[in-house]
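Visitor: What follows is a predicted protein model with its sequence.
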Amino acid sequence: MTGNEKLAAASIKVFGWITYHGLALNVTIDLSPFKWIIPCEIRDRQVGSIKGLVRDGVGHGRADLYNLNDASLIHITHESLLEEFSQSFQLEYNYKSISSTILYESK
């Protein structure tokens, strides 16, 4: 939650001695469908997005954030999530570039 807005949802499922985890983070999503549902039974909060926070000035004087396109905002969010997750669980991660040809051939 940020202010009066729910930005993310986390879930866990246990089935057959296996745990499944999920995380949904609203970065640039169209929020209009949320006007008709009550996500997670949270009635006193709205659904928000990171893009909405930036647009509404949460970046306080960060004009560089305000003018980001959706792809850039998703990229920054992805990088931040990896960094925070790695620090929290004391993990080290490395990137490996994969060409689109390899991805297409694997299908």
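Guide: Okay, I see it. Numbering: from 1, shown residues only.
Visitor: quick one, strands of the chain?
Guide: When assigned using DSSP state E, the strands of the chain occupy the ranges 5-6, 8-15, 18-25, 46-47.
Visitor: can you tell me which of the ones you listed comes nearest to S80?
Guide: strand 18-25 (10.0 Å; Cβ to Cβ). Just so you know, the C-beta spots here come from the backbone N, C-alpha and C atoms, and that holds for glycine as well.
Visitor: how far is the closest one from where the chain is centred?
Guide: From the chain centre to the centre of strand 18-25 is a distance of 13 Å (Cα atoms, centre = their mean, to the nearest Å).
Visitor: strand partners of it, parallel vs antiparallel please.
Guide: strand 8-15 (antiparallel) (DSSP bridges).
Visitor: From the rest of the structure, what touches the partner strand?
Guide: 19-26, 39-40 (Cβ atoms under 8 Å, 6 or more residues apart in numbering).
Visitor: Buried ones only from those residues, please, as a ChimeraX command.
Guide: What follows is the ChimeraX syntax selecting those of those that are buried according to 16 or more other Cβ atoms under 10 Å:
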select :25,26
